[in-house]
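1. Next one to model:
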Amino acid sequence: MATNGSRRRVLVIDDSHTVRRSAEILLAQGGCEVLLAADGFEGLALVASERPDIVFCDLQMPRLDGWRTCAIVRRHPRFRTLPVVLLSASESAFEDQRDRMDGSGEHLVKPFTGEQLLDAVRRLTGEPAGPEA
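-> I've put the predicted structure just below:
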């Protein structure tokens, strides 16, 4: 899916400006092209229009939460295999809702590190995150 050689296109969906900005900086430093969305609806629009290689999506957001956003992505034939990594401030959110993960067994607990983000990009897209990887 990458359109810039080995440069990965990453979408971060989170209602927190701070989390979006932190992820943007960490991923860009790793050589990724970063797209940002403030909620699930905006994120779904970017999935359709920008075709990211991987999505990081917060669980708890107003309007359309991460569970539903992931489920919608999984139901669309074109995006069924798009890697989605769910984000939450609590590991218990994943433990309590494991059956709702709807195809996304991947998750990260906030606060995350750049290494964790880039490792997920590498593992789930099967290619280097950036030119130096």
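2. so where do the strands sit in the protein?
-> 9-13, 33-37, 54-58, 84-88, 107-109 (DSSP state E).
3. which other helices and strands contact the third one?
-> Other helices and strands packing on strand 54-58, by 3 or more C-beta pairs under 8 Å, 6 or more residues apart in numbering; DSSP states H and E, are strand 9-13, helix 40-50, helix 66-75, strand 84-88, helix 114-125. Glycine gets a C-beta too; all of them are placed from N, C-alpha and C.
4. Reformat the strands of the chain as a markdown table; add distance to L118.
-> Converted to a markdown table, the strands of the chain look like this (distance: least, C-beta to C-beta, whole Å):
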| stretch | distance to L118 |
| --- | --- |
| strand 9-13 | 9 |
| strand 33-37 | 12 |
| strand 54-58 | 11 |
| strand 84-88 | 12 |
| strand 107-109 | 11 |
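5. Of all the ones you listed, which one is nearest R21?
-> Nearest of these to R21, taken as C-beta to C-beta: strand 33-37 at 8.2 Å.
6. Now do stretch 45-55: distance to the chain's middle.
-> Centroid displacement of stretch 45-55 relative to its chain, using C-alpha atoms, centre = their mean, to the nearest Å, is 10 Å.
7. I should have written stretch 38-51 there, sorry.
-> Centre to centre, stretch against its chain (C-alpha atoms, centre = their mean), the figure for stretch 38-51 is 11 Å.
8. Ok, stretch 37-47 next?
-> That offset, for stretch 37-47, works out to 11 Å (C-alpha atoms, centre = their mean).
9. Contacts made by that stretch with the rest, please.
-> 11-15, 17, 20, 35, 52, 55, 57, 61-66, 68-69, 72-73, 79, 82 (C-beta atoms under 8 Å, 6 or more residues apart in numbering).
10. so who does the closest residue to A89 other than its chain neighbours touch?
-> Nearest non-adjacent residue to A89, counting by C-beta to C-beta, 6 or more residues apart in numbering: K110, 4.7 Å away. K110 sits next to 19, 87-89 when contact means C-beta under 8 Å, 6+ apart.
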